[in-house]
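**Student:** below: sequence and its predicted model.
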Amino acid sequence: MHLRLATLAALAVGVGMLAAAAAVLPAPRAAPDAAPSPERTGEGAPLAATVRFGRDVRPILSDRCYLCHGPDRAHQQAGLRLDSFEAATAPREGGAAIVPGRPDESALVRRITASAADEVMPPPDSGKHAIAPGELAVLRQWIAEGAPYERHWAFVPPVAAPEPAVRDAAWARTPVDRFILARLEAEGIAPAPEADRATLCRRAFLDLTGLPPTPEELEAFLADGGDGAYERLVDRLLGEEPYRTRHAERMAVPWLDVARYADTCGIHQDNGRQMWLWRDWVLKAFRENMPYDRFVVEQVAGDLLPGATVDQQVASGFNRAHVTSDEGGAIDAEYLLEYAADRTNTVGSAFLGLSTQCARCHDHKFDPVTQEDFYSLLAFFNSNEEPGIYSQTQDANRAYEPYIEVMTADRDARARELAAAVDAARAARDSMDDAERAAYAAFRDALRADG
C-alpha cells in the first residue's frame, strides 16, 4: 500500500501543474492588420523557425514509421527504431538512419525520396500515405538542426514559456493574448474584430456556466457602462451563486465523461446504480476550487489515506465508475480483469496524458508504454474485494458492493445531536452532586457499621 501511495503522490505532483493555468477571459480589442502569410513548403504546415520533435516530427514518424520502426519490439523490422535518438543514429550497414546535421547522408531521407518500390519508405503496400513534400521538408530541417529528440510530452514537467514577441503588442491585454497573436501573425491571420457587448456577455455566460444569460442578466450587464464591467461580470459568474455552482457543473461535465460516470451499470440489464454521491463530490471539488493534487490523490486512492474521511472514501468512487455486468453465464474472473483494465486505461487517459490500453496485448506501438508497464500499473487496481458478476436485481437504487453508507446532511446533523445527547446523559449518570456524595458516604458508613 505504501508503494501505491508513493506512486500516486508522485503522479499528482508530476501532473499537478497542468491544471495550474486559469482561464483568462480578456475584454475585446480591435484587430490589427493581417500579417503576410509565411512561405509554405508544399503540402503540410509552414516551416517553423525551429522544428520541434514533439510538435512537428513525432506526428509524422508515428503515423508513417512507428508501426514497423517504433517501440513495439514484436513488430520491429530490420532491427531499426526511429523513436529514440540512440537507436536512430546508431551505425548500420548502408549508413545510420539519421545522421544529425546531415540530412542528405541520412538513410531516412534517402529511403523516403527513393523511387524504386522496394526501396521507398513507407512501402507502397503498407497502407500508409507517402511522405508529403512539406513533411519531408520538416524532417530535413529537423535533421539539419541536429535531430534533437524530446520525451513524450506527458513525461515532461511543464515550464513557463517566455512570452513571444509580436508586432502589435498593444493588441495583447494578457500574456495569453501574446501567444494567440504570435500564432495568428505567423499564419497571416488577423484577429476577429471587436465583438459587441451583448455578444461578449453571451459568450461569457456560455463559456463559464453553459447557459445563456437571461434578458434581465443581459440588460444588467449592458447597463453597467463603467470601466471593468466585463471583469466584474466574470468575477460574478465565478464567485457568486447560483453562477458559482453552474460553473462547477460546466467544469464537471467533461471530467465525468473522462471518468466514465453513469447512473446505470452500462451493459446487459443496464440497471440503475447509486453513483451520484461521487458525482456530487466532483461538483463540490470544482465549486470550492480544490487543489489539483488533492483532486487526483483522493479520487485514485482516497480510501487508502490514513484516517480517510467519508468524503475521501466517496472520492475513490472514481475507480468504481466503470461498467459492471450481471449477465448469467459470464465468467467472474474474466470481468474482474476487465474492471482492473478499465481502471488502468482511465488513469492513463485522465492523469497521465497518454493511452495505455494498446499495451494490454503488446508493447505500445506509438507511446512509450510496454506491456510490462501496463500490467505493473494494473496490479494497483486489481485488488478490490468485489464480484466480477453481480447478482441481478430490478432495484434502481442499489449500491453495488463493496459500498459504504453515507448519511444525508440533515440526517448527519440529527445523528450528531443524538450522539451529543447520549454523551450528556452518560456524563450525568456518571457524575454526582454534593447531596449524592453525602448519601453515598452515609450508605457506605452504615454498611461498615453493620460489620
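**Tutor:** Cool, got the structure.

**Student:** ok, the residue most central in space within the chain - contacts?
**Tutor:** Note on the chain: the residue nearest the mean C-alpha position is Ala350, at 3.5 Å, using CA atoms, centre = their mean. Counting by CB atoms under 8 Å, 6 or more residues apart in numbering, Ala350 touches 258-259. For the C-beta atoms, the positions are set from N, CA and C on the backbone; glycine is no exception.

**Student:** measure it to Ala259 for me?
**Tutor:** Per CB to CB, to the nearest Å, Ala350 is found 7 Å from Ala259.

**Student:** ok so, going back, can you tell me the SS state at the residue nearest to the centre of the chain?
**Tutor:** helix (DSSP: H, G, I helix; E, B strand; the rest coil).

**Student:** near Gly266, how many other residues are there?
**Tutor:** The criterion is other CB atoms under 10 Å. On that basis, Gly266 has 14 neighbouring residues.

**Student:** so it bridges to which residues?
**Tutor:** Gly266 has these beta-bridge partners by DSSP bridges: Thr324.

**Student:** spit out the contact partners of it.
**Tutor:** 322-324.

**Student:** residue ranges in the chain under the pLDDT threshold?
**Tutor:** The chain contains residues with pLDDT under 70 at 1-48, 451.

**Student:** list of residues touching the lengthiest helix in it?
**Tutor:** As assigned by DSSP state H, the longest helix anywhere in the chain is helix 409-430. Applying CB under 8 Å, 6+ apart, the contact partners of helix 409-430 are Met407.

**Student:** buried ones in it, by neighbour count?
**Tutor:** By neighbour count with 16 or more other CB atoms under 10 Å, helix 409-430 contains no buried residues.

**Student:** also stretch 343-356?
**Tutor:** Buried residues in stretch 343-356, counted by 16+ other CB under 10 Å: 343-348, 350-354, 356.

**Student:** between those, which sits nearest Glu249?
**Tutor:** Distance to Glu249, by CB to CB, is smallest for Ala350 among these, at 18.9 Å.

**Student:** that closest one and His129: what is the separation?
**Tutor:** Separation of Ala350 from His129 (CB to CB): 32 Å.

**Student:** what count of nearby residues applies to Asp196?
**Tutor:** A count of nearby residues for Asp196, using other CB under 10 Å, gives 10.

**Student:** now Leu305
**Tutor:** By other CB under 10 Å, 16 other residues sit near Leu305.

**Student:** pretty sure it contacts Glu298?
**Tutor:** Yes: between Leu305 and Glu298 there is a contact under CB atoms under 8 Å: 7.3 Å.

**Student:** overlap in contacts, these two.
**Tutor:** In terms of CB under 8 Å, 6+ apart, Leu305 and Glu298 are both contacted by the residues Gln312.

**Student:** pull up the distance across stretch 285-297, start to finish.
**Tutor:** Criterion CA to CA, to the nearest Å; first-to-last residue distance in stretch 285-297 is 13 Å.

**Student:** going forward, the N-terminal residue is numbered 18.
**Tutor:** Okay, using 18 as the starting number, the last item reads as stretch 302-314.

**Student:** ok now that stretch, how far from the chain's centre?
**Tutor:** Distance of stretch 302-314 from its chain centroid, counting by CA atoms, centre = their mean, to the nearest Å, is 12 Å.

**Student:** now swap in stretch 333-347 and tell me
**Tutor:** 22 Å.

**Student:** what does that stretch contact?
**Tutor:** 276-279, 282-286, 288, 290, 292, 294-295, 298, 315-321, 352, 356, 359-360, 363, 398, 401, 405-410, 417.

**Student:** and these, which are buried?
**Tutor:** 276-279, 282, 285, 288, 290, 292, 294-295, 298, 315-321, 352, 356, 359-360, 363, 398, 405-407, 417.

**Student:** now, these that are in helices?
**Tutor:** In helices, defined here by DSSP H, the members of the buried ones among the contacts of stretch 333-347 are 294-295, 298, 315-318, 352, 356, 359-360, 363.

**Student:** Ala332: which of those residues is nearest?
**Tutor:** Closest to Ala332 out of these is Glu315 (3.9 Å), distances taken as CB to CB.

**Student:** mind listing what the closest one touches?
**Tutor:** 322, 328-329, 332-333.

**Student:** cool, and Ile77?
**Tutor:** 148, 152, 155-156.

**Student:** Glu234: which of these is nearest?
**Tutor:** Nearest to Glu234 among the contacts of Ile77, counting by CB to CB, is Val155 at 48.4 Å.

**Student:** so that closest one is in which element?
**Tutor:** Per DSSP states H and E, Val155 falls inside helix 150-161.

**Student:** so which elements touch that helix?
**Tutor:** For helix 150-161, the packing partners by 3 or more CB pairs under 8 Å, 6 or more residues apart in numbering; DSSP states H and E come out as helix 75-81, helix 124-129.

**Student:** helices and strands around the next helix or strand after the first one, which ones?
**Tutor:** This means helix 75-81. Counting by DSSP H and E, the element after helix 75-81 in chain order, helix or strand, is helix 83-86. Helices and strands touching helix 83-86, by 3+ CB pairs under 8 Å, 6+ apart: there are none.

**Student:** list the buried ones in the helix or strand just after helix 83-86?
**Tutor:** Next helix or strand after helix 83-86 toward the C-terminus (DSSP H and E): helix 102-105. For helix 102-105, burial by neighbour count (16+ other CB under 10 Å) applies to 102, 104-105.

**Student:** okay, those residues in CSV with distance to Ala444 next?
**Tutor:** Output for the buried residues of helix 102-105, formatted as CSV (distance: CB to CB, whole Å):
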residue, distance to Ala444
Phe102, 73
Ala104, 75
Ala105, 77
